[in-house]
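A.B. asks: Fold the following, please.
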Amino acid sequence: MSKSSQKLYELIHALDKHEKRYFKIYTSRYQKKNEAKVIQLFDYIAQAKTPNEDLLKQKINDEKLLSQFSYYKNLLYSLVLKMLSDYYYMKTPHFEEMDSRKMALILFSKGLNEHAEKLMIKPRAKALKRETFLDVVEFNRLQVWILKAKTSGEDFIKKRHQLYQETLSCLQKETNYQEIENIASDLYNFHQRYTRHPKKEIKEEMQALLNNPLIKDKDKALSLKARLQVVQAKFAAESVVGESMQTAEEWGEIIEKMRNNMEFSSSRMQAFIGFYLNYITALIYRGKYAKAKKVLQEYKEIPTRYPDFFNDWLIQTHRQKYIVREALLSVESRDFKKFDSMQTDLDEIFSDGLPYDQAYMYYFLIKGTFLQSQYEHCQDWILRFMHDFPGKDFMQSIQGVVKLTHALVHFERGNEKLFRSLLNHFYRYCRERNIYEEIEQFIHSSLIKVVNTRMTNKEKIAHCQATLNKLKPFLSKQSLLIDIYIFWLERRIKVLVSGEK
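C.D. replies: Numbers count the residues shown, from 1 in each chain. As a prediction, this is how the structure comes out:
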């Protein structure tokens with residue numbers, strides 16, 4: 001098969017159903033003379049299972065189409081490209097700005113400078129708002145040509161200087177953005193490598209990237225789209241180096257700026273939603289429950305405020321993310337009445353939710369029942385989690401917390417032998433994968449002392465208090481694991497103190 005036929009086959013098979021439908025509308029509008037033959041060839045290629053030109057020709061009954069096969073093939077390829085340009089013209093703002101510049105250049109070449117200048121005002125303003133800086137640079141270049149044709153002397157020099165300064169600023173912002181993209185890409189790659197193989201040297205390289213002035217200094221990024229990259233990359237990196245809550249203050253600022261200044265695209269809407277989710281989670285873990293509740297309500301209303309970016313599937317996914325955060329807020333704020341009333345919503349996550357959300361929902365249920373001392377109920381959820389997520393390496397941080405909780409449940413139920421076995425299992429699991437950076441060793445040795453029958457209650461209370469003091473500084477690093485152990489220690493101290501009395 002010839003290269004041109006192969007490319008035509010690949011192009012047509014890359015079209016979705018909406019583009020294929022629009023192609024026939026476009027052809028009937030602009031190619032009435034060749035409409036029938038072009039659409040006939042289009043349909044034959046669209047239905048073909050493999051790019052076989054000989055087999056394709058055998059199916060064609062039209063002699064004229066066969067005799068001028070190369071002509072119609074090239075015409076079809078050209079029409080598909082033109083159709084795509086037309087189809088995405090209004091859907092892709094960048095294309096609209098390119099077209100405006102092209103038309104302005106044509107008007108300028110005809111000496112219609114006022115027309116050209118007026119035509120550029122709106123698309124240039126849009127390019128500035130979207131932060132497509134290279135488009136602004138091109139608009140400014142054309143504006144200088146127009147100024148040169150219509151003005152002179154001091155007026156020309158002054159206006160040209162203003163455009164020159166703006167162009168330099170745009171180029172600097174674009175340069176910084178490209179550099180930040182490279183740093184962000186490196187941070188994401190290191191994050192993925194560390195998740196698979198936690199090593200000290202990877203963490204050190206990530207810390208070095210976090211210290212880069214473009215990442216560290218808010219003002220260096222210069223543009224909002226660069227700030228988005230910075231905050232997302234920092235969150236991924238800081239979750240490894242143990243400072244993820246540092247980024248939380250920036251999420252609220254970014255959300256506000258995006259809401260007020262950004263012209264949204266689909267990808268930027270996804271980033272907007274992601275920032276909301278991270279911001280809500282950070283507020284909850286910082287104990288700012290009233291603020292988290294308010295931001296969660298704002299998040300719930302996003303599909304209503306921006307309906308153009310949400311189809312049925314995205315609305316369902318958005319709702320499930322909302323349920324997960326609402327469950328987290330209920331558990332962490334100890335609003336167990338609210339949490340217990342969410343059973344129908346929880347069932348929806350278990351039946352239709354993503355595995356990631358399902359795992360977190362199990363964690364909330366396990367933690368919620370554990371905090372309420374419903375140990376039998378808690379054990380049931382633990383066993384369900386183990387049944388539904390048998391893979392030992394799926395969401396290792398959640399797996400570790402569940403294994404520790406499982407051991408603590410059996411301690412509270414008086415199953416000391418099983419408790420010790422499960423505690424050792426928790427320790428080996430975390431140690432082999434280096435999930436918690438040796439915190440599991442500290443917890444393991446601490447628990448062994450707490451249950452030591454040879455120690456007096458006073459000695460156990462002193463040990464629990466000392467353990468609490470040592471663990472609290474690590475809470476922001478491994479909050480899931482340490483949070484539940486701190487809660488258990490505090491409750492254990494109360495039990496031991498009441499025993500002393």
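A.B. asks: Just name the shakiest helix or strand of this structure by mean pLDDT.
C.D. replies: helix 218-221 (a mean of 58; mean pLDDT, DSSP states H and E).
A.B. asks: Show me the helices in the stretch 251-400 of the chain, by range?
C.D. replies: Assigned by DSSP state H, counting those that start in this stretch, the stretch 251-400 of the chain shows helices spanning 266-285, 289-300, 302-305, 312-332, 336-340, 343-352, 355-371, 375-388, 396-412.
A.B. asks: Lowest mean pLDDT across those, which one is that?
C.D. replies: Lowest mean pLDDT of the helices of the stretch 251-400 of the chain: helix 343-352, a mean of 76.
A.B. asks: For it, C-alpha coordinates in PDB please.
C.D. replies: Extracted C-alpha coordinates of helix 343-352, given in PDB (Å, rounded to 0.1, in the frame of the first residue of the first chain):
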ATOM      1  CA  GLN A 343     -24.900   4.700  53.800                       C
ATOM      2  CA  THR A 344     -26.800   5.100  50.500                       C
ATOM      3  CA  ASP A 345     -24.000   7.400  49.100                       C
ATOM      4  CA  LEU A 346     -21.300   5.000  50.300                       C
ATOM      5  CA  ASP A 347     -23.000   2.100  48.500                       C
ATOM      6  CA  GLU A 348     -22.900   4.100  45.300                       C
ATOM      7  CA  ILE A 349     -19.200   4.500  45.600                       C
ATOM      8  CA  PHE A 350     -18.800   0.700  46.200                       C
ATOM      9  CA  SER A 351     -20.900  -0.200  43.200                       C
ATOM     10  CA  ASP A 352     -19.800   2.400  40.600                       C
END
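A.B. asks: now the helices of the stretch 251-400 of the chain in a markdown table, with mean neighbour count?
C.D. replies: Quick note: C-beta positions are derived from backbone N, CA and C, even for glycine. Converted to a markdown table, these look like this (neighbours: other C-beta atoms under 10 Å):
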| stretch | mean neighbour count |
| --- | --- |
| helix 266-285 | 19 |
| helix 289-300 | 16 |
| helix 302-305 | 13 |
| helix 312-332 | 18 |
| helix 336-340 | 15 |
| helix 343-352 | 14 |
| helix 355-371 | 21 |
| helix 375-388 | 16 |
| helix 396-412 | 22 |
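A.B. asks: Please name whichever of those is nearest to Met455.
C.D. replies: helix 396-412 (15.1 Å; C-beta to C-beta).
A.B. asks: related to what we said a few turns ago, okay if I get the helices of the stretch 251-400 of the chain as a markdown table plus distance to Lys110?
C.D. replies: Shown next, in a markdown table, are those (distance: least, C-beta to C-beta, whole Å):
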| stretch | distance to Lys110 |
| --- | --- |
| helix 266-285 | 37 |
| helix 289-300 | 51 |
| helix 302-305 | 44 |
| helix 312-332 | 46 |
| helix 336-340 | 68 |
| helix 343-352 | 59 |
| helix 355-371 | 58 |
| helix 375-388 | 69 |
| helix 396-412 | 65 |
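A.B. asks: And for the strand or helix carrying Leu142, what's in contact with it?
C.D. replies: In the assignment (DSSP states H and E), Leu142 maps to helix 133-150. Contact partners of helix 133-150, identified using C-beta atoms under 8 Å, 6 or more residues apart in numbering, comprise 94, 97-98, 101, 104-105, 108, 111, 113-114, 116-117, 120, 123-124, 127-128, 156, 159-160, 163, 166-167, 170-171, 173-174, 177, 223.
A.B. asks: tally of neighbours for Glu250?
C.D. replies: 18 (other C-beta atoms under 10 Å).
A.B. asks: what kind of secondary structure is the closest residue to it other than its chain neighbours in?
C.D. replies: Spatial nearest neighbour of Glu250, chain neighbours left out: Val231 (5.1 Å); criterion: C-beta to C-beta, 6 or more residues apart in numbering. Secondary structure, DSSP: H, G, I helix; E, B strand; the rest coil: Val231 is helix.
A.B. asks: What pLDDT does the model give Val231?
C.D. replies: 73.
A.B. asks: Run through the residues that contact it.
C.D. replies: Thr247, Glu250, Trp251, Ile254, Phe275.
A.B. asks: Quick check on the contacts of helix 133-150: which are buried?
C.D. replies: Neighbour counting with 16 or more other C-beta atoms under 10 Å marks 97-98, 101, 104-105, 108, 113, 116-117, 120, 123-124, 127, 160, 163, 166-167, 170, 173-174, 177, 223 as buried within those.
A.B. asks: out of those, which are inside helices?
C.D. replies: 97-98, 101, 104-105, 108, 113, 116-117, 120, 123-124, 127, 160, 163, 166-167, 170, 173-174, 177 (DSSP state H).
A.B. asks: For the stretch 1-150 of the chain, which residues score under the pLDDT cut-off?
C.D. replies: 1-4, 30-32, 89-94 (pLDDT under 70).
A.B. asks: wait, Lys300 sits on Lys321?
C.D. replies: No - using C-beta atoms under 8 Å, Lys300 is not in contact with Lys321, being 9.9 Å away.
A.B. asks: tell me the contacts of Ser28?
C.D. replies: With C-beta under 8 Å, 6+ apart, Ser28 has these contacts: Glu35.
A.B. asks: Repeat the analysis, applying 10 Å as the threshold.
C.D. replies: Glu35, Ala36, Val38, Ile39 (C-beta atoms under 10 Å, 6 or more residues apart in numbering).
A.B. asks: Quick check: buried residues in the helix holding Leu142?
C.D. replies: For helix 133-150, by 16+ other C-beta under 10 Å, it's Phe133, Asp135, Val136, Val137, Glu138, Phe139, Asn140, Leu142, Gln143, Ile146, Leu147.
A.B. asks: now that helix, how far from the centre of its chain.
C.D. replies: Centroid displacement of helix 133-150 relative to its chain, using C-alpha atoms, centre = their mean, to the nearest Å, is 36 Å.
A.B. asks: ditto for stretch 466-474
C.D. replies: Distance, stretch centre to chain centre, for stretch 466-474: 33 Å (C-alpha atoms, centre = their mean).
A.B. asks: Residues touching it, excluding its own?
C.D. replies: So stretch 466-474 is contacted by 242, 436-437, 439, 442-443, 445-447, 449-450, 478, 481-483, 485-486, 489-490, 492-493 (C-beta under 10 Å, 6+ apart).
A.B. asks: Give me the subset of these lying in helices.
C.D. replies: Per DSSP H, the subset of the contacts of stretch 466-474 in helices is 439, 442-443, 445-447, 449-450, 481-483, 485-486, 489-490, 492-493.
A.B. asks: Grab the nearest non-local neighbour of His463.
C.D. replies: Nearest to His463 is Lys449, by C-beta to C-beta, 6+ apart, at 5.4 Å.
A.B. asks: what does Tyr177 give?
C.D. replies: Ala226 (4.4 Å).
A.B. asks: And for the one you found, the neighbour number?
C.D. replies: 22.
A.B. asks: Just the element for it, please.
C.D. replies: In this structure, Ala226 sits in helix 224-241 according to DSSP H and E.
A.B. asks: Against Val144, how distant is the most far-flung residue of the chain relative to its centre?
C.D. replies: Residue farthest from the centre of the chain, counting by C-alpha atoms, centre = their mean, is Glu63 at 53.9 Å. Noted for Glu63: a distance of 57 Å to Val144, by C-beta to C-beta, to the nearest Å.
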